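Trainee: Turn this into a model:
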Amino acid sequence: MPSASQPHRLTRDDPRLSEVLTLIRGSFTFMDGRIDPPSSMHRLTQAVIQDQCNTGEVWTLGRPVTACIFLTPQPDSLYIGKLAVAETHRGQGLARQLVTHAETRARARGLTTLMLETRIELVENHAAFARLGFSIMAKAAHPGYARPTFVVMHKAL
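Mentor: Presented below is the predicted three-dimensional model:
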């Protein structure tokens with residue numbers, strides 16, 4: 001069994017998928033009322049996370065799960081989604097550890113860029129990802145919105 005301090009890849013039948021769902025919901029709640037449209041976290045189910053295990057990767061830290069990241073290969077980059085750290089474990093470098101792991105996974109696939117999206121209103125996230133080496137590359141809008149609703153950030157490897 002892998003160490004709790006090392007990233008662990010979950011499979012679609014892992015019993016910790018429910019912990020991942022609980023972690024994401026708890027970690028993303030602060031966005032309610034701040035972002036428009038509402039977070040996709042509200043549509044996230046255990047079945048969606050199981051699908052992510054098949055189409056991409058779900059990695060966790062801790063036992064119980066204290067941090068997670070979704071990785072999805074794109075043609076030219078590895079997309080980071082649903083990066084979450086339990087409030088009780090923030091400030092310990094877990095997000096940095098998972099992003100570093102994403103870099104390793106991207107290189108293993110021959111990809112030279114990490115990509116993520118974060119909401120336009122969450123300027124603290126923009127700053128946190130900038131500290132991890134990401135730069136804003138574009139602003140875009142969700143369907144039906146005339147104004148930008150999110151930023152696209154890249155990190156060259």
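Trainee: Which parts of the protein are helices?
Mentor: In the chain, the segments counted as helices under DSSP state H are 17-28, 46-55, 94-108, 123-131.
Trainee: L61: which of these is closest?
Mentor: helix 94-108 (5.5 Å; CB to CB). C-beta: built from backbone N, CA, C; applies to glycine.
Trainee: Could you list the low-pLDDT ranges of the protein?
Mentor: 1-4 (pLDDT under 70).
Trainee: What segments of the protein are strands?
Mentor: 8-9, 57-61, 67-73, 78-85, 113-119, 135-140, 150-156 (DSSP state E).
Trainee: what does the shortest one rub up against?
Mentor: What that stands for is strand 8-9. Applying CB atoms under 8 Å, 6 or more residues apart in numbering, the contact partners of strand 8-9 are 2, 57-61.
Trainee: ok, R119 touching F129?
Mentor: No. When contacts are counted by CB atoms under 8 Å, R119 is not listed as touching F129 (11.9 Å).
Trainee: if you count what's nearby, which of the two comes out ahead?
Mentor: F129 (24 against 19; other CB atoms under 10 Å).
Trainee: For burial, what's the neighbour tally of the nearest residue to the more buried one once chain neighbours are set aside?
Mentor: Closest residue in space to F129, ignoring its immediate chain neighbours: M153 at 5.3 Å, by CB to CB, 6 or more residues apart in numbering. By other CB under 10 Å, the residues close to M153 number 22.
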